[in-house]
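Asks: missing the sequence, but the structure's below:
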RNA sequence: GCCGGGGUGGGGUAGGCGGUUAUCCUACGGGACUGUGGAUCCUGCGACUCGGGUUCGAAUCUCGGCCCCGGCCCCA
């Protein structure tokens, strides 16, 4: 029996947890400033929740299992579908839009590598029932705002509107299976393969090929919208989407977001997206550079609810952590160390320590019966602000010694004045 | 699932064409030091990823597993 971690999982030690908590705190603050409220859903769900949405083939990547009553369950691979379920179960009559956010672990059976684990964390949000360019602009602005607060300044936001390609497919009456294949190739950015594939197709117009090949080249600022208009001037089916796309760029400017990229090749590999989609990359992270993805979708409808469009996205929390330039700050996590100088002042040290803790001061007390000299060493390593030395002589005067660990100065303080003394400094 | 590089005390490492007791740093425990900290000295603890093969002898060569690190595939 070997006691090793399962493959693709991680332990987080103190320093790393500090960093992660810091990021978590920042994201919570930003999301809440945009009026999102936190929810939590179970770690496991019924298997069908995910197979309905994505088909049986995702079983390869699911940690699914049968429980003791033969229910087919699975660890969740993402949190959007559970939220759609949550909505159908208990939020249908909640006033819309509903803004909620989540932070939790997800599980996928994949080959672990840098920035990819079998248990990973997603920090994301959903704005249910607010399909509008305004909702989309706000959510993208919030994503950007989060990156700014995290001091990540080398991230790129790539935005697309899937209504455009859908409109084109509709115009050319492209069959679904061919659509799927094309979307896959577009998502991968394999221009040559896309050309080759389109060439092989019979019964497909040359025009479709020409349009698609040009379309995925469109990457840039809001000026490319004009080019799209020129290219697709004869295709009425794209007009609504293009109109929304245009409004979105206007609104993004009002939200003071300028450094985004319109990119017609962002496909997100999903069929439930109906409007804009976006992905955020940190190029320095290499193969796993994508740190966030999302868009507007109509998932609730797929589960048999009303047609309610929602916009959401999620940060891949672990990748986000990789993208943060850590500055190691030396922070003391404990303010005071209480050290008995001799065995018979030990009990007094607990009394004093507890008094401080009740006053909301973080305190470590020696529990190891080490010698006083060692205790000073430990206090030093803990990087505490004050050492309280409890000695017999001082106690006779109803006092203890408080030492400032930075300056090395020390003072005799009456026991009843300790809290006040430390609180003031 | 595929390709490549790796795995030596808790952390970081040396050794590697086979050959006494496996190197050094750090961390940790104890002490020099009976009421005062990052120093010094002494001392203790602690490792060759696992299994098979070759050999008188394997950390070292060889094969396989496991795991880690990259890169593919995939990424709802």
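Replies: Cool, the structure landed. This is a predicted model, so every value here is computed, not measured. Numbers count the residues shown, from 1 in each chain, chains lettered A, B, ... in the order given.

Asks: Backbone dihedrals for the nearest residue to residue A:344 once chain neighbours are set aside, please?
Replies: The spatial neighbour of residue A:344 that comes closest, neighbours along the chain excluded (CB to CB, 6 or more residues apart in numbering), is residue A:392 at 6.8 Å. From N, CA and C alone the C-beta is placed, and that goes for glycine too. Reported as degrees, to the nearest 10, the phi and psi values for residue A:392 are phi -60, psi -50.

Asks: residues contacting residue A:392?
Replies: Residues in contact with residue A:392, defined by CB atoms under 8 Å, 6 or more residues apart in numbering, are A:341-342, A:344-345.

Asks: Distance to RNA strand B, secondary structure and neighbour count added to these, as JSON lines?
Replies: Converted to JSON lines, these look like this (distance: CB to the nearest atom of the strand, whole Å; DSSP: H, G, I helix; E, B strand; the rest coil; neighbours: other CB atoms under 10 Å):
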{"residue": "A:341", "distance to RNA strand B": "4", "secondary structure": "coil", "neighbour count": "21"}
{"residue": "A:342", "distance to RNA strand B": "5", "secondary structure": "coil", "neighbour count": "11"}
{"residue": "A:344", "distance to RNA strand B": "11", "secondary structure": "helix", "neighbour count": "11"}
{"residue": "A:345", "distance to RNA strand B": "8", "secondary structure": "helix", "neighbour count": "20"}
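
Asks: Would you mind measuring from the residue nearest to residue A:344 to residue A:363?
Replies: Taking CB to CB, to the nearest Å as the criterion, residue A:392 is separated from residue A:363 by 21 Å.

Asks: same question, residue A:293
Replies: Computed with CB to CB, the distance linking residue A:293 and residue A:363 is 45 Å.

Asks: ok, and for the lengthiest helix in chain A, which residues are buried?
Replies: Of all the segments assigned as helix in chain A under DSSP state H, the longest by residue count is helix A:14-33. Residues A:20, A:23, A:27, A:30-31 are the ones in helix A:14-33 that count as buried (16 or more other CB atoms under 10 Å).

Asks: and residue A:240, how many neighbours does it have?
Replies: Per other CB atoms under 10 Å, the neighbour tally for residue A:240 reads 13.

Asks: Rebuild the contacts of residue A:392 as TSV, extending it with distance to residue A:189 and pLDDT.
Replies: Converted to TSV, those look like this (distance: CB to CB, whole Å; pLDDT from 0 to 100):
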residue	distance to residue A:189	pLDDT
A:341	69	91
A:342	72	87
A:344	74	87
A:345	71	90
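
Asks: hmm, which two among these are most spread apart?
Replies: The most widely separated members of the contacts of residue A:392 are A:341 and A:344, with 9.6 Å between them, by CB to CB.

Asks: Please enumerate the helices of the stretch 301-425 of chain A.
Replies: Counting by DSSP state H, counting those that start in this stretch, one finds helices in the stretch 301-425 of chain A at the ranges A:317-322, A:346-358, A:372-382, A:392-396, A:418-424.
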